[in-house]
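Engineer: heads up, no residue letters with this:
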């Protein structure tokens, strides 16, 4: 069986690689489930079991965000040295202890340690499912492929956020809700080892085709032209951070998107419980956000292929800002405001997420794509840590409501930046 799999011709396209593409979507559903373990329960564990303040509780998301960001950056650099499948397997192995650390934590430092491992797990596994799907489909259906990948992952987040809310209502905040993740980690590792095939050959084929089409142009340091040599990590990081106006605008939008996600991850369960919402109700609200995010991306990835990347990004960031405002302004009816706000947050993020990933992929040569995606995902996931820090500090100095309003203002400012600086051309076919 393995020999015949190796003998199969390498072809690009969604239909041509549907089996492996579907398998990777299932794997990413499990990847999302791992981070969904914490969306409803972990902030409440910090406040209700360990008696912590908002800023101390925020440390777990800071640990997750920084670790995941660094892992994304390093993963983008090392993927050329190791197979994509090998990196995916490593990510699942690192994630195995996470559910047990969360379930049986005797103090908050165990939760911090679990989130360091979870950050590595997410950085390696989610990055590889992104890269491998892009490898399989080639350039023409990239937005759709990324939309499906992110849909699978955030369906995992949504289902798990809802399930842990109900488990916590029935059995308490620990250990039953967290142990659901043990099944995810084992299933993900087994599927990856036994059924997933590496996609490096597909990436090489696309690079060869790209070079053949653009052989006469080799002037771009980010590798957008026909240059075959992949840029170094430092060069690519500089392009994403300050040198390239378009790539920089994409990076900041990713960072701010996850800033408001990280802030609401830490503070929203506590804010809603204080406003009178039950833990089960918080689970429903926290599940709606990633559910709309996931379902929406089935259409928004394709939309970004049709109308370009800029319009969905600007509209999505503005929609998120409105959602955050509604949550704060409607606290007198907290469950309803939470549902409407989470709905808008999910729709806005669905517009933004696949469009940004596709825009980064469009903006660089295939040989630079893994490093570029790693650099972009570094800045995007730094947003988790920044959001947790901003939220924790603002809540400690002012209030939980003020922290959410700060996130709304930053998100609106990001929409303006994207409107002014992001390139608006459609994906060339």
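Structural biologist: Looks like it arrived, so ask away. None of the values given here were measured: they were computed from a predicted structure.

Engineer: count of neighbours near residue 96?
Structural biologist: 16 (other C-beta atoms under 10 Å). Where you see a C-beta, it was placed from the backbone N, CA and C, and this is true even at glycine.

Engineer: gap between it and residue 17?
Structural biologist: According to C-beta to C-beta, to the nearest Å, residue 96 stands 29 Å off from residue 17.

Engineer: what do you get for residue 273?
Structural biologist: When distance is defined by C-beta to C-beta, residue 273 is 45 Å away from residue 17.

Engineer: Looking at these two, which is more packed in?
Structural biologist: Taking neighbours as other C-beta under 10 Å, residue 273 and residue 17 compare with residue 17 leading, 25 against 18.

Engineer: How about the more buried one, nearest residue that isn't a chain neighbour?
Structural biologist: residue 136 (4.1 Å; C-beta to C-beta, 6 or more residues apart in numbering).

Engineer: how many neighbours does that neighbour have?
Structural biologist: For residue 136, using other C-beta under 10 Å, the count is 25.

Engineer: I'd like to know how far it sits from residue 22.
Structural biologist: 11 Å.

Engineer: So residue 47, which state does it fall into?
Structural biologist: Classification of residue 47 using DSSP: H, G, I helix; E, B strand; the rest coil returns helix.

Engineer: I'd guessed it sits against residue 272; true?
Structural biologist: No - if you go by C-beta atoms under 8 Å, residue 47 and residue 272 don't touch, sitting 12.0 Å apart.

Engineer: And these two? Which one has more around it.
Structural biologist: Using other C-beta under 10 Å as the criterion, residue 47 and residue 272 rank with residue 272 on top: 23 against 18.

Engineer: so what's that one up against?
Structural biologist: Contacts for residue 272 were tallied using C-beta atoms under 8 Å, 6 or more residues apart in numbering; they are 281-282, 285, 334-335, 338.

Engineer: how about 7 Å then?
Structural biologist: 282, 285, 334, 338 (C-beta atoms under 7 Å, 6 or more residues apart in numbering).

Engineer: So residue 21 is in contact with residue 13, correct?
Structural biologist: No - assessed by C-beta atoms under 7 Å, residue 21 is found out of contact with residue 13, at 9.6 Å.

Engineer: Same drill for those two, tell me which one is more crowded.
Structural biologist: A direct count of neighbours by other C-beta under 10 Å for residue 21 and residue 13 places residue 21 higher, at 20 against 14.

Engineer: Let me know the helix or strand that that one is in.
Structural biologist: Using DSSP states H and E, the element containing residue 21 is helix 18-36.

Engineer: next structured bit after whichever helix or strand residue 376 is part of?
Structural biologist: With elements taken from DSSP H and E, the one containing residue 376 is helix 369-397. Next in sequence after helix 369-397, counting helices and strands by DSSP H and E, comes helix 400-421.

Engineer: ok, and what's touching that next one?
Structural biologist: Contacts to helix 400-421, defined as C-beta under 7 Å, 6+ apart, come from residues 245-246, 249, 252-253, 256, 259-260, 263, 267, 270-271, 310, 313-314, 317-318, 320-321, 324-325, 327-328, 387, 390-391, 394-395.

Engineer: Now do the strands in this protein.
Structural biologist: With strands called from DSSP state E, the chain shows none.

Engineer: pLDDT weak spots in it?
Structural biologist: For the chain, applying pLDDT under 70 flags the ranges 1-8, 75-80, 140, 143, 207-233, 424-429.

Engineer: Give the closest residue to residue 199 in space, chain neighbours not counted.
Structural biologist: Closest residue in space to residue 199, ignoring its immediate chain neighbours: residue 135 at 3.8 Å, by C-beta to C-beta, 6+ apart.

Engineer: pretty sure that neighbour contacts residue 204?
Structural biologist: No - between residue 135 and residue 204 there is no contact under C-beta under 7 Å: 9.1 Å.

Engineer: Looking at those two, which is more packed in?
Structural biologist: Taking other C-beta under 10 Å, residue 135 and residue 204 do not tie; residue 135 has more neighbours (26 against 14).

Engineer: gap between the two ends of stretch 132-146?
Structural biologist: End-to-end distance for stretch 132-146: 10 Å, by C-alpha to C-alpha, to the nearest Å.

Engineer: Buried residues of it, list them for me.
Structural biologist: Neighbour counts over stretch 132-146 (16 or more other C-beta atoms under 10 Å) mark 132-139, 141-146 as buried.

Engineer: okay if I get the residues you listed as CSV plus distance to residue 63?
Structural biologist: CSV is the format used below for the buried residues of stretch 132-146 (distance: C-beta to C-beta, whole Å):
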residue, distance to residue 63
132, 27
133, 28
134, 29
135, 31
136, 33
137, 34
138, 37
139, 36
141, 36
142, 32
143, 32
144, 34
145, 31
146, 27
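
Engineer: Show me which pair in these is furthest apart.
Structural biologist: 132 and 143 (16.3 Å; C-beta to C-beta).

Engineer: Can you point out the buried residues in stretch 235-242?
Structural biologist: Applying a neighbour-count criterion of 16+ other C-beta under 10 Å, one finds 235-240 buried in stretch 235-242.

Engineer: Can you give me the end-to-end span of that stretch?
Structural biologist: Across stretch 235-242, first to last residue, C-alpha to C-alpha, it's 11 Å.

Engineer: when you give positions from now on, start the count at 133
Structural biologist: I'll keep to 133 as the first residue from here, and by that count the last item is stretch 367-374.

Engineer: you'd agree residue 316 is up against residue 168?
Structural biologist: No - taking C-beta under 7 Å as the definition, residue 316 is not a contact partner of residue 168, at 8.9 Å.

Engineer: out of these two, which sits in the more crowded spot?
Structural biologist: The neighbour comparison of residue 316 against residue 168 (other C-beta under 10 Å) goes to residue 168, with 28 against 24.

Engineer: mind listing what the closest residue to the more buried one other than its chain neighbours touches?
Structural biologist: Distance criterion C-beta to C-beta, 6+ apart; nearest residue to residue 168, sequence neighbours excluded, is residue 292 at 3.0 Å. Residues in contact with residue 292 (C-beta under 7 Å, 6+ apart) are 165, 168-169, 312.
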